[in-house]
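1. My questions concern the predicted model and sequence given below.
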Amino acid sequence: MFHRHIILRSIYQVERTFCRRKNPFTGCPCTPASLLLLSRRRYGTVPESPEEHREKAAVGPFTWRAALVFVATGAGLYWYFTNEKAKVQEQKRKELADYKVGKARVGGPFTLVTHTGAPFTEQDILGKWSLVYFGFTNCPDICPDELDKMTDVVNTMDTEFGPIVQPIFISCDPARDSVEQMHDYISDFHPRMIGLTGTYDAVKATCKAYRVYFSTPPNTKPGDDYLVDHSIFFYLMDPNGEFVDAFGKSNSADDVRQKVRKAVQEWKSLSP
Amino acid sequence: PPPKRDDRKRCWDARDAYFLCLDASNFLAPGSETGVTCKKERKTYDGSCAKSWVEYFDKRRVLEARQKAMLEAQE
């Protein structure tokens, strides 16, 4: 008896699926199977009218169409949110990468001469990290202190990463800081330190590119006794020759170490 | 030839000795001391440092003291 009901119900459902619907609200006209179903008493209740029965079937929570719409919406929402999340993450990553490029325009082309008399340009800082300090050899105490700090930092970086950081000292007192003078002077500091000097115009142009203020007048003679007023910063340049950070008197060696280490590690993690 | 590490150290030590003498005798500005106070230290200092350095250190001593006083007054 019970089986008959199930069979009839299946037939009824198939008939419903295949019936043509001109108006979704009226549903299908009665089919033979439905009539048989309807005519049969089930749970001792009053037999349902066709409308009631249709209503019951229509609002049952698990019709195929409703299920399909539900799944489609769910999938659609999931796909949408995953996509948006990926977009936001991509944006964030871009901003982080752009963060370096968006910094101050410090640096640029220059042509100087090393403490061994060799030419040295902005091309020669590519492929390595550089710490660049501007000063002069007749400096009372600030330049030697800063160069000692730089030496300390580079020594630490050497043990942690190998010789990937090159310390550079650029003179803003070309009248007195000859190649020999530079050679002699930097021997007190890191063994890989490069001393750079040049003509007054070349030095002036380099200081301008690095936004370094200096006060040396153009007509001084080698024997003159004067101090050069200059901005006291050393700059970290990345292997692309781009400016990363500037350190001043108030930055301790540990500060500088931390920042250089972080920059090198970030660079390594972003590279393939 | 540029001043090397030991040249600088010699100058700084002479400067420090002279400034300590001034502190002990309660003089701030170098050159303001009277009589023979700190004369010996001054001579060593002048002999160990370039003139531009002496001028620079002397000026800085006064400037730093003034800045310190200003900061303390603000507290």
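-> Thanks, I have it.
2. Could you find the closest non-adjacent residue to B:C11?
-> Closest residue to B:C11 apart from its sequence neighbours, by Cβ to Cβ, 6 or more residues apart in numbering or on different chains: B:C49 at 3.9 Å. Glycine gets a C-beta too; all of them are placed from N, C-alpha and C.
3. Next, count neighbours for that neighbour.
-> 23 (other Cβ atoms under 10 Å in any protein chain shown).
4. So which bits of the stretch 51-200 of chain A are right by chain B?
-> A:T137, A:N138, A:P140, A:D141, A:P144, A:D177, A:Q181, A:D184, A:Y185, A:S187, A:D188 (Cβ under 8 Å from any Cβ of the partner chain).
5. What does the residue nearest to B:C11 show for phi and psi?
-> Note on B:C49: its backbone torsions stand at phi -120, psi 150 [degrees, to the nearest 10].
6. Next: A:V113.
-> phi -130, psi 140.
7. cool, and A:Q166?
-> Dihedral angles for A:Q166 - degrees, to the nearest 10 - are phi -110, psi 130.
8. tell me the contacts of it?
-> Residues near A:Q166 by Cβ atoms under 8 Å, 6 or more residues apart in numbering or on different chains: A:I125, A:K128, A:W129, A:S130, A:L131, A:V154, A:R192, A:I194.
9. Find the pair from these with maximum spatial separation.
-> A:I125 and A:V154 (14.3 Å; Cβ to Cβ).
10. My guess is A:V154 contacts A:V165. True?
-> Yes: counting by Cβ atoms under 8 Å, A:V154 does reach A:V165; the two are 5.2 Å apart.
11. Looking at residue 24 now. What's its pLDDT?
-> All of this refers to chain A. What the model reports as pLDDT for A:P24 is 52.
12. looking at chain B here, not the other one
-> Looking at B:A24, its pLDDT is 92.
13. Measure how buried A:N240 is and give me the count.
-> 13.
14. ok so, going back, which one of the contacts of A:Q166 has the most neighbours?
-> Within those, neighbour counts (other Cβ under 10 Å) peak at A:L131, which reaches 26 neighbours.
15. what's downstream of the strand or helix carrying that residue, the next helix or strand?
-> In the assignment (DSSP states H and E), A:L131 maps to strand A:129-135. Per DSSP H and E, the first helix or strand lying C-terminal to strand A:129-135 is helix A:142-161.
16. Output the contacting helices and strands for that next one.
-> Counting contacts by 3 or more Cβ pairs under 8 Å, 6 or more residues apart in numbering or on different chains; DSSP states H and E, helix A:142-161 is packed against strand A:129-135, strand A:165-171, helix A:253-270.
17. So for B:A65, which of those sits nearest?
-> From the helices and strands packed on helix A:142-161, taking Cβ to Cβ, the stretch that ends up closest is strand A:129-135, at 25.9 Å.
18. Residues contacting the closest one, please?
-> By Cβ under 8 Å, 6+ apart, strand A:129-135 touches A:125, A:142-143, A:146-147, A:150, A:153-154, A:157, A:164-172, A:207, A:210, A:212, A:214, A:230-239, A:260, A:263-264.
19. can you rerun that using 6 Å?
-> Residues outside strand A:129-135 that contact it (Cβ atoms under 6 Å, 6 or more residues apart in numbering or on different chains): A:143, A:146, A:150, A:164-170, A:172, A:212, A:234-237.
20. and that strand, how far out from the chain's middle?
-> 25 Å (Cα atoms, centre = their mean, to the nearest Å).
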